[in-house]
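A.B. asks: Can you look at this prediction? I've put the sequence above it.
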Amino acid sequence: MEGEFAKLLEESFKRLNREVITGTVVKVTGREVFVDFGWKSEGIIPLKELGYKPKPGEKIDVCIIEPETEEGYALLSVNCARSIKEWERIADEIEKKGIVRGRIKQRVRGGYKVALEEGITVFLPMSQVDIMPVTKPDDWLDREIEAKVLSIDRKRRSIVISRRKLLEEKRAQMRKETLKKLKEGDVVEGIVKNVVDFGIFVDVQGVDGLVHKSDISWSGLKTPFDVAKIGDRIKVKVRKIEKDKERLVLSIKDITEDPWKDVEERYKSGKAVGGVVVREDKSGYWIELPDDIAGYVPVNTLPKGIKLKYHHRYKFMVDSIDEKKRRVILKWQGERRK
């Protein structure tokens, strides 16, 4: 019975621009019910659609399917009227709740059709599916979702929902709670939302934060793309909370102590060290040394014709410490370390 009604309801939505009219039964034959609904001519309802034999004078809700048949009567439907009234009831219920649950059933132009638990189909625009843009639309098919009601057009009998709006509201509440409990100096876990040349954008429990490229490593040699990709979970330290802008200034390097404090003890002149070539400028090569220390080999100290290769490991010898630029000056030893 429920399945039949659901099918009837769905089919009737194709005609839901029709209005419900209350008519009066005038005559009943073996196959038809004649109804006065305010027009010059009467309307007819197939008796089998009505499901019972009404009495003359009885009030019946109907909608007009065809204005005039070959016999000169309007064709009326009680099923259509029932469906419209049921749609209105469900719409009232949905409007009161504000939040709905359903399953994404079909891709249509501009979005999806979603079958709600209440038994009707609504529209989910593609732009309202998620906070992030949808890149694989078919992956969302048959997925159960929770969404917020955006609009109800009773004239057109259409409902538009938004999963994104609900996520944003939940995120805003989470952000509010996070900003209350978070303190500067806290080490927390966040999710990488984007990686760009100047830094890493991180979501910390609903609050947006940025790790500037200068706060990625003490050596300054690592780029944002070296340490993170979208979707990664990373640990960060809260350097500053900008409550007026609801955002965080974050750091990766501050999780560990500054390795430069005892650099003179660990990198004494003449000490042999190994390092990887990570960058080159017009004056020399930048070398990544152990413990997040930056090394530098001036190009004018290299033998003629020698050119170091990126991402290759070599043997070096410590020449001096450049305190101002926080780098260890190295001399190339001519052998590559495996």
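C.D. replies: Everything's here; your move. Numbers count the residues shown, from 1 in each chain.
A.B. asks: what about Pro259, neighbour count?
C.D. replies: 18 (other CB atoms under 10 Å). Quick note: C-beta positions are derived from backbone N, CA and C, even for glycine.
A.B. asks: and the gap between it and Glu93?
C.D. replies: For Pro259, the distance to Glu93 equals 63 Å [CB to CB, to the nearest Å].
A.B. asks: repeat for Ile287
C.D. replies: With distances taken as CB to CB, Ile287 is found 68 Å from Glu93.
A.B. asks: and these two? which has more neighbours close in?
C.D. replies: Ile287 (27 against 11).
A.B. asks: What residues sit buried inside whichever helix or strand Ile159 is part of?
C.D. replies: Here Ile159 sits within strand 158-162, counting by DSSP states H and E. Residues of strand 158-162 classed as buried by neighbour count (16 or more other CB atoms under 10 Å): Ile159, Val160, Ile161, Ser162.
A.B. asks: need the contact list for Gly102.
C.D. replies: Gly102 is in contact with Val114, Ala115, Leu116, Glu117, Val122, Glu144, Ile145, Ala147, counting by CB atoms under 8 Å, 6 or more residues apart in numbering.
A.B. asks: Spell out the secondary structure type for Gly220.
C.D. replies: Of the three states, Gly220 takes coil under DSSP: H, G, I helix; E, B strand; the rest coil.
A.B. asks: pretty sure it is touching Gly295, no?
C.D. replies: No - the criterion here is CB atoms under 8 Å, and Gly220 misses it with Gly295 at 11.8 Å.
A.B. asks: of those two, who's got more company?
C.D. replies: Neighbours were counted for Gly220 and for Gly295 using other CB under 10 Å; Gly295 has more, 26 against 18.
A.B. asks: ok, the more buried one - contacts?
C.D. replies: Gly295 makes contact with Val273, Gly275, Trp286, Ile287, Glu288, Leu289, Phe316, Arg327, Val328, Ile329, Leu330, according to CB under 8 Å, 6+ apart.
A.B. asks: check which helix or strand covers the second one.
C.D. replies: Taking DSSP H and E as the definition, Gly275 sits inside strand 272-281.
A.B. asks: Test my guess that Asp258 contacts Trp218.
C.D. replies: Yes - at 6.0 Å, Asp258 counts as touching Trp218 under the criterion of CB under 8 Å.
A.B. asks: So the two - more neighbours on which side?
C.D. replies: Remark: of Asp258 and Trp218, Trp218 carries more neighbours, 20 against 12, as counted by other CB under 10 Å.
A.B. asks: Let me know whether that one touches Ile255 as I believe.
C.D. replies: No - counting by CB under 8 Å, Trp218 stays clear of Ile255, with 10.7 Å between them.
A.B. asks: any low-confidence regions in the protein?
C.D. replies: Judged by pLDDT under 70, the chain has its weakly predicted residues at 1-17, 335-338.
A.B. asks: which SS class is the nearest residue to Thr301 once chain neighbours are set aside?
C.D. replies: Of all residues not flanking Thr301 in the chain, Lys331 sits nearest, at 5.9 Å (CB to CB, 6 or more residues apart in numbering). Of the three states, Lys331 takes strand according to three-state DSSP.
A.B. asks: any idea how far Pro137 is from Lys331?
C.D. replies: According to CB to CB, Lys331 stands 58 Å off from Pro137.
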